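>>> 3D model of this:
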Amino acid sequence: MAISSEAPKGISFDPVEHIAYAIGSVVSKTLLKKNTGNITLFSFDAGQGLSEHTSPYDAVVHVLDGEAQITIGGKAQVVQAGRMLIMPANVPHALMAQQQFKMLLIMIRGE
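You can find the predicted model right below:
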């Protein structure tokens, strides 16, 4: 389920509270969308994920709540709330919610 509404500009907000969990689903909410990149919030119910895929751009994942198993280039790791990682461009990656989790995804296009 994708919700396309940008975040309020100039107003402080808590990203964890800006997106809700949905039973059996992945929810995404675009905070900012520009030609140069996107900032998107995601919430994943336990057992939900994103199947393996690649992106032509590096992507920053900041886990905000819970934890996820993130696999990059066939190597899985558990990333907990408060931690972040950079998924390199053109390397297959996948995400799986071991428990409910929320993340902020920052994608910057270009070299």
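
>>> average pLDDT for the lengthiest strand in the chain, rounded please.
Looking only at the chain and at elements set by DSSP state E, the strand with the highest residue count is strand 93-108. Across strand 93-108, the average pLDDT comes to 95.

>>> just the helices in the chain please.
Read by DSSP state H, the chain holds no helices at all.

>>> what residue ranges in it score low on pLDDT?
For the chain, the stretches with pLDDT under 70 are 1-7, 111.

>>> ok, now with 50
Where the chain drops to pLDDT under 50, the residues are 1-4.

>>> centre of the chain to stretch 60-76, how far?
Distance of stretch 60-76 from its chain centroid, counting by CA atoms, centre = their mean, to the nearest Å, is 9 Å.

>>> would you mind listing the buried residues in it?
Residues of stretch 60-76 classed as buried by neighbour count (16 or more other CB atoms under 10 Å): 61, 62, 63, 64, 65, 66, 67, 68, 70, 71, 72. (Each C-beta comes from the backbone N, C-alpha and C, glycine too.)
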